[in-house]
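> Task: produce atomic coordinates for the following.
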Amino acid sequence: MAEKPIEKETEMFYKPEAQVGLVRVLVSNSTGTGFAEWMMLPLGTTLESLLGDVLDEDQDVSTLKIRLNRELAVASYVLQDEDKLSLSPSRVKGA
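Residues are numbered from 1 along each chain as shown. Predicted coordinates for the structure are as follows:
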């Protein structure tokens, strides 16, 4: 009886590279009501431009802890496929 080849874990999930010109980024926003979702973004999107789209106009970026792939990143960073962005308040009101 022939054994079935084991698939690599990454091959079992949908990979967005088939969509030319897009990257997939996980955005986890713990401010306000909070949400986490995968976003399809054009190639060349910077962290700064994504923050402009995701955050409210009245929200001050300096009040947030912003992590990209669990590390600090500069605003000019060009987002790559499978990046993970985490936004959380640096201080919780009332605490």
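> how about the strands in the chain?
Along the chain, counting by DSSP state E, strands occupy 22-29, 35-42, 64-68, 84-89.
> and of those strands, who's closest to residue 77?
Of all the strands of the chain, it is strand 64-68 that lies closest to residue 77, at 6.6 Å by CB to CB. For the C-beta atoms, the positions are set from N, CA and C on the backbone; glycine is no exception.
> could you give the angle of that closest one to strand 22-29?
Counting by axes from the mean of the first three to the mean of the last three CA atoms, to 10 degrees, strand 64-68 lies at 150 degrees to strand 22-29.
> Pull out the buried residues from strand 64-68.
With burial defined by 16 or more other CB atoms under 10 Å, the residues of strand 64-68 counted as buried are 64, 66, 68.
> how much space between the last one and residue 58?
From residue 68 over to residue 58 the distance is 23 Å, taken as CB to CB, to the nearest Å.
> go on, the first one?
When CB to CB is the yardstick, residue 64 and residue 58 sit 13 Å from each other.
> go on, residue 51?
Distance check for residue 51 against residue 58: by CB to CB, it reads 14 Å.
> Between these two, point out the one with more neighbours.
More crowded of residue 51 and residue 58, by other CB atoms under 10 Å: residue 51, with 17 against 5.
> State the pLDDT value of the closest residue to that one other than its chain neighbours.
Using CB to CB, 6 or more residues apart in numbering and skipping residues adjacent in sequence, the residue nearest residue 51 is residue 61, 6.4 Å away. Note for residue 61: predicted pLDDT of 83.
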